[in-house]
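*Asks:* Build the 3D model from these lines:
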Amino acid sequence: MGVNRRQPSAIRVEIGELVLDGFRADPERVSAAFESELTRLVRLHGVPLAANGTLTADALTGLPPLPAGLSARRLGQELARAVHQGLSGHGEVTR
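*Replies:* Alright, predicted model coming up:
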């Protein structure tokens, strides 16, 4: 007899603001790459901190620093990975 895990019918991640100090990349390209990568990661891995229901977080802190010289695409991808790590229990979530 297997365990019946009910998967959520929808996952919604809303990011109010991304603040990028010290980066020279095009913000629109960073945002597009960020959204695409975060969507991919959530589809692939879900949001572990929300496994028991709704998660509302005001801020994620303690995430790894990102190198300032990244391209817009790479910066968006790395930022999405850092945010997903935060949503996976790495870093500190302020609720």
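*Asks:* for the nearest residue to residue 71 once chain neighbours are set aside, what are its contacts?
*Replies:* Setting aside the residues directly before and after it, residue 71 is nearest to residue 25 in space (CB to CB, 6 or more residues apart in numbering), at 6.6 Å. Every C-beta, even on glycine, is put in place using the N, C-alpha and C of the backbone. Residues counted as contacts of residue 25 (CB atoms under 8 Å, 6 or more residues apart in numbering) are 70, 71, 72, 75.
*Asks:* If you rank the residues you listed by neighbours, which is first?
*Replies:* Neighbour counts for the contacts of residue 25 (other CB atoms under 10 Å) peak at residue 75, which has 24 neighbours.
*Asks:* ok, back up a step: ok, of the contacts of residue 25, which one's closest to residue 32?
*Replies:* residue 72 (8.3 Å; CB to CB).
*Asks:* thinking that closest one is in contact with residue 26, fair?
*Replies:* Yes. Contact criterion CB atoms under 8 Å: residue 72 and residue 26 qualify, at 4.8 Å.
*Asks:* closest to residue 21 among the contacts of residue 25?
*Replies:* Each of the contacts of residue 25 was checked against residue 21 using CB to CB; the closest is residue 75, at 12.3 Å.
*Asks:* Where does that closest one fall, secondary structure wise?
*Replies:* Secondary-structure element containing residue 75, defined by DSSP states H and E: helix 72-87.
*Asks:* Report how many residues lie close to the nearest residue in space to residue 22 that is not next to it in sequence.
*Replies:* With CB to CB, 6+ apart as the measure, residue 68 is the residue that lies nearest to residue 22, at 5.0 Å, once sequence neighbours are left out. A total of 12 residues lie near residue 68 under the criterion other CB under 10 Å.
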